[in-house]
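Asks: Sequence plus the predicted model coming up.
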Amino acid sequence: MAPVVIEIDNLVYAYPDGRQALKGVSLTVREGEKVAVTGPNGAGKSTLFLHLNGILNGDGRVRVMGLEVTDRHLGAIRAKVGMVFQDPDDQLFSPTVFEDVAFGPLHIGLSEGEVRQRVNWALAQVSMEGFEDRMPHHLSLGERKRIAIATVLSMDPAILVLDEPTSELDPRSRRSLIRLLRELPQTMLVASHDMRLVRDLCLRTVILDEGHIVADGPTHRLLADVELLERHGLEQP
């Protein structure tokens, strides 16, 4: 059995206004799994994800790659957990694609040759070779999403955490991105309302609602349960 790479035990988190976003969430993810986390808006999906690299810090226990998510381990954990946000423009801020993808490797002190090698490799993983000198804001949304993933892959993470990766994509770009994600070897946690993405990418699905995990099991079984999906604001693909 593959080793556990994410271990969350009884995680509780309240926002400063007192709203309880997570209410005792426990979750274990093994190496190589692709796990969908779905549920209605406000269920706590993004809040949960932001605990995986220490952006948020609630009560309970969170371990990533065997390390407690504490200030002492944040550097090592953030090198292993690649966060891909819903809007690629939250991650792309440099004049060229090369500079965006090189940003992370440069800031961990890699040599120029190593940085170039990482950039070339990461762009190849997302089928964006030849875009190094392009301006990110001139690219299509689908292309920008791929570049955002490349900026994370250039750091060689063990885990990819993606928030609504197919939102606002046209059907062709959506299918292309799903194929890309299916081929990547990293352990993945994917927050999405796109139930076709959930069906096509993830063998396991977790349904989160009002800060609780209400279901966790094989995707095909959960998607076949119409009553369960309707109860939590979801639809069959």
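Replies: Nice, I can see it. All values derive from a computational prediction rather than experimental measurement. Residues are numbered from 1 along each chain as shown.
Asks: so I207 sits in a helix?
Replies: No - looking at I207 with DSSP: H, G, I helix; E, B strand; the rest coil, it is strand, so not inside a helix.
Asks: Show me what it is bridged to.
Replies: I207 forms beta bridges with T38, A215, as assigned by DSSP bridges.
Asks: Now do the strands in this structure.
Replies: 4-14, 20-30, 34-38, 59-64, 67-68, 81-84, 159-163, 187-191, 204-209, 212-218 (DSSP state E).
Asks: Could you dump these into CSV and include distance to F93 and mean neighbour count?
Replies: For the C-beta atoms, the positions are set from N, CA and C on the backbone; glycine is no exception. Formatted as CSV, the strands of the chain follow (distance: least, C-beta to C-beta, whole Å; neighbours: other C-beta atoms under 10 Å):
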stretch, distance to F93, mean neighbour count
strand 4-14, 28, 18
strand 20-30, 28, 18
strand 34-38, 27, 24
strand 59-64, 26, 18
strand 67-68, 29, 13
strand 81-84, 15, 24
strand 159-163, 18, 23
strand 187-191, 23, 24
strand 204-209, 30, 22
strand 212-218, 35, 15
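Asks: among those, which is nearest T96?
Replies: Minimum separation from T96 across those (C-beta to C-beta) falls at strand 81-84, 19.7 Å.
Asks: Convert the C-alpha atoms of that closest one to PDB, please.
Replies: Listed next in PDB are the C-alpha coordinates belonging to strand 81-84 (Å, rounded to 0.1, in the frame of the first residue of the first chain):
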ATOM      1  CA  VAL A  81       2.900  21.200  -2.100                       C
ATOM      2  CA  GLY A  82       2.200  23.000  -5.300                       C
ATOM      3  CA  MET A  83      -0.900  25.200  -5.100                       C
ATOM      4  CA  VAL A  84      -2.700  26.100  -8.400                       C
END
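Asks: now for it, which elements pack on it?
Replies: helix 141-153, strand 159-163 (3 or more C-beta pairs under 8 Å, 6 or more residues apart in numbering; DSSP states H and E).
Asks: Make TSV out of those and add mean pLDDT and distance to F49.
Replies: Formatted as TSV, the helices and strands packed on strand 81-84 follow (pLDDT from 0 to 100; distance: least, C-beta to C-beta, whole Å):
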stretch	mean pLDDT	distance to F49
helix 141-153	95	13
strand 159-163	96	5
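Asks: Same list, those, but as TSV with distance to R19 please.
Replies: Shown next, in TSV, are the helices and strands packed on strand 81-84 (distance: least, C-beta to C-beta, whole Å):
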stretch	distance to R19
helix 141-153	29
strand 159-163	19
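Asks: Looking at those, which is nearest to K34?
Replies: For K34, the closest of those is strand 159-163, at 9.1 Å, according to C-beta to C-beta.
Asks: neighbouring strands for the closest one, and are they parallel or not?
Replies: strand 81-84 (parallel), strand 187-191 (parallel).
Asks: would CSV of those strands with distance to Q20 and mean pLDDT be doable?
Replies: Formatted as CSV, those follow (distance: least, C-beta to C-beta, whole Å; pLDDT from 0 to 100):
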stretch, distance to Q20, mean pLDDT
strand 81-84, 23, 95
strand 187-191, 19, 97
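Asks: which one of the ones you listed lies closest to H220?
Replies: Of all these, strand 187-191 comes closest under C-beta to C-beta, at 16.3 Å.
Asks: wait, what's in contact with the closest residue to P3 other than its chain neighbours?
Replies: Spatial nearest neighbour of P3, excluding adjacent residues (C-beta to C-beta, 6 or more residues apart in numbering): E31 at 5.3 Å. E31 is in contact with A2, P3, V4, V5, A158, T187, counting by C-beta atoms under 8 Å, 6 or more residues apart in numbering.
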